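**Q** Okay, here's the prediction I keep looking at, along with the sequence it came from:
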Amino acid sequence: MTRTGIVNGRFQVLHLKHMEYILAAKMRCDKLYIGITNPDGAHTRDTVHDENRGTKAGNPLTYFERCEMIRGAMEEFNVPAKEYDFIPFPISMPEYIAQYTPKEAVYYVGMFDAWDEEKYKILRSLNLDVNILWRKTEEEKGITGSKVRELIATDQEWKQFVPKSVYYYLTENEKTNLTKLGAAYDKVIVVLNVGGVIDTNFFHEIDGLDAMLLMSQAGMEGGTALVKVLNGEVTPSGKLTDTWAKAYSDYPSSEGFSHNNGNIDDEYYTDGIYVGYRYFDTFGIEPQYCFGYGKGYTDFAIEEAKAAIEGSGVKVTAKVTNTGKEYAVSIRISKA
């Protein structure tokens, strides 16, 4: 494992192929410095191999905005903040590169086209240690920053080409939207149309959010079911089948998952008997929402709960009383 590594790029706009490059380098070093080329107008020059490099249209985002965009993506991909940092990287003025970069670092590059070849020659001419991650054809390069900018400018779909955090950063921030909704309406219900566990800290941080409904991915009639729940025709009665943690790091497998431990080839199951809620219960870690959590439009009182062994099974009995005041007792479920 290399101690210090450096990648570089304009990242105008940061897309998934950029992240593939950044993460591939990060897995090879303890600390990665992400070099932002064209950090400002004074350190930008045209090149015959990249016609967009020196144009205003080709550089819409500031140095700060690109750092923020990458920082959000690194968090999204679970890279600890202490393991990377940002530096200006004036590749167009190579005589200044040494002013910003740490000594004895490995410079990671990916080779696709003539501009990549030019950058490689520039770095080698400075007697730097350059490591080529891969050599691929231009056809294998995939999405580019120029293409993403074109899609945005022409109002075409581009969300699928960038990390989710980048999409939210470049559009109206999702938290900003929720904050505005919470301030504008008396009652706000957040519907989670997701397929798995997500970070729900926003619900507890933003004022004005009254309820959160996990719709999950309910299939072709999911929209119909959602409307009936929101209209009060039926009461939500589902329960969580997973433990939703307050932080990703609360899960015992987080440290060793994927690139987090520097090994993307092997995955080891280390939970043992402490799988799921057992880990949280045993080690006293308070979850955001525990296994089996789920509210409805009313409250219930459970009394006289008893358990008895009957033959090869266990019989559990209890008196359950609907004690709620807001929701009618004659709900549609009772007629099923």
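**A** Looks like it came in fine.
**Q** need the longest helix for this protein.
**A** Longest helix in the chain by number of residues (criterion: DSSP state H): helix 63-76.
**Q** Just checking the distance from that helix to the centre of its chain.
**A** Here the centre of helix 63-76 is set off from its chain's centre by 12 Å, with CA atoms, centre = their mean, to the nearest Å.
**Q** again, but for stretch 59-79
**A** That offset, for stretch 59-79, works out to 12 Å (CA atoms, centre = their mean).
**Q** which parts of it are buried?
**A** Buried residues in stretch 59-79, counting neighbours by 16 or more other CB atoms under 10 Å, are found at 59, 61, 66-74, 77, 79. To be clear about C-beta, it is placed using only N, CA and C from the backbone, and glycine gets the same treatment.
**Q** Spell out the residue ranges of the helices in this protein.
**A** Counting by DSSP H, the helices of the chain are 16-26, 63-76, 114-125, 145-153, 164-170, 174-184, 201-205, 222-231, 277-282.
**Q** want to try JSON lines for those helices, with distance to Ile6 and mean pLDDT as columns?
**A** Listed next are these as JSON lines, based on distance: least, CB to CB, whole Å; pLDDT from 0 to 100:
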{"stretch": "helix 16-26", "distance to Ile6": "8", "mean pLDDT": "96"}
{"stretch": "helix 63-76", "distance to Ile6": "14", "mean pLDDT": "94"}
{"stretch": "helix 114-125", "distance to Ile6": "9", "mean pLDDT": "92"}
{"stretch": "helix 145-153", "distance to Ile6": "19", "mean pLDDT": "88"}
{"stretch": "helix 164-170", "distance to Ile6": "21", "mean pLDDT": "87"}
{"stretch": "helix 174-184", "distance to Ile6": "32", "mean pLDDT": "87"}
{"stretch": "helix 201-205", "distance to Ile6": "33", "mean pLDDT": "89"}
{"stretch": "helix 222-231", "distance to Ile6": "47", "mean pLDDT": "91"}
{"stretch": "helix 277-282", "distance to Ile6": "38", "mean pLDDT": "93"}
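**Q** okay, these in JSON lines with distance to Tyr100 next?
**A** Below are those laid out as JSON lines (distance: least, CB to CB, whole Å):
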{"stretch": "helix 16-26", "distance to Tyr100": "17"}
{"stretch": "helix 63-76", "distance to Tyr100": "12"}
{"stretch": "helix 114-125", "distance to Tyr100": "14"}
{"stretch": "helix 145-153", "distance to Tyr100": "21"}
{"stretch": "helix 164-170", "distance to Tyr100": "24"}
{"stretch": "helix 174-184", "distance to Tyr100": "32"}
{"stretch": "helix 201-205", "distance to Tyr100": "35"}
{"stretch": "helix 222-231", "distance to Tyr100": "51"}
{"stretch": "helix 277-282", "distance to Tyr100": "43"}
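**Q** Nearest approach to Trp134 belongs to which of those helices?
**A** Evaluated with CB to CB, the helices of the chain place helix 16-26 nearest to Trp134, the distance being 8.0 Å.
**Q** Pull the distance from that closest one to the chain's centre.
**A** 15 Å.
**Q** so what secondary structure elements neighbour that helix?
**A** If you count contacts as 3 or more CB pairs under 8 Å, 6 or more residues apart in numbering; DSSP states H and E, helix 16-26 packs onto strand 2-9, strand 29-36, helix 63-76, strand 106-111, strand 129-135.
**Q** got the contact list for that helix?
**A** Contacting residues not belonging to helix 16-26 are listed as 5-7, 9, 11, 32, 34, 70, 73-74, 77, 79, 83-84, 108, 110, 133, 141-145, 161-163, 259 [CB atoms under 8 Å, 6 or more residues apart in numbering].
**Q** what do you get for stretch 96-106?
**A** By CB under 8 Å, 6+ apart, the residues outside stretch 96-106 that reach it are 2-6, 28-29, 33, 35, 43, 87-91, 126, 128-131.
**Q** Now a ChimeraX select for only the buried ones of those residues.
**A** Applying 16+ other CB under 10 Å to those, the buried members can be selected in ChimeraX as follows:
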select :2,5,6,29,33,35,43,87,88,89,90,91,128,130
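**Q** Let me know which of the helices and strands packed on helix 16-26 is the nearest to Asn263.
**A** Once the helices and strands packed on helix 16-26 are compared by CB to CB, strand 29-36 is nearest, at 13.9 Å.
**Q** Need the contact partners of the closest one.
**A** Contacts for strand 29-36 (CB under 8 Å, 6+ apart): 1-11, 22, 25-26, 63, 66-67, 70, 83-89, 91, 100-102, 105-106.
**Q** try 6 Å this time
**A** Outside of strand 29-36, the residues within contact range by CB atoms under 6 Å, 6 or more residues apart in numbering are 2-8, 25-26, 63, 66, 70, 83-89.
**Q** closest to Asp242 out of the helices of the chain?
**A** helix 277-282 (8.6 Å).
**Q** any weak-confidence spans in the stretch 201-336 of the chain?
**A** Low-confidence segments of the stretch 201-336 of the chain, defined by pLDDT under 70: 259, 326-336.
**Q** if we go to 80?
**A** 257-265, 325-336 (pLDDT under 80).
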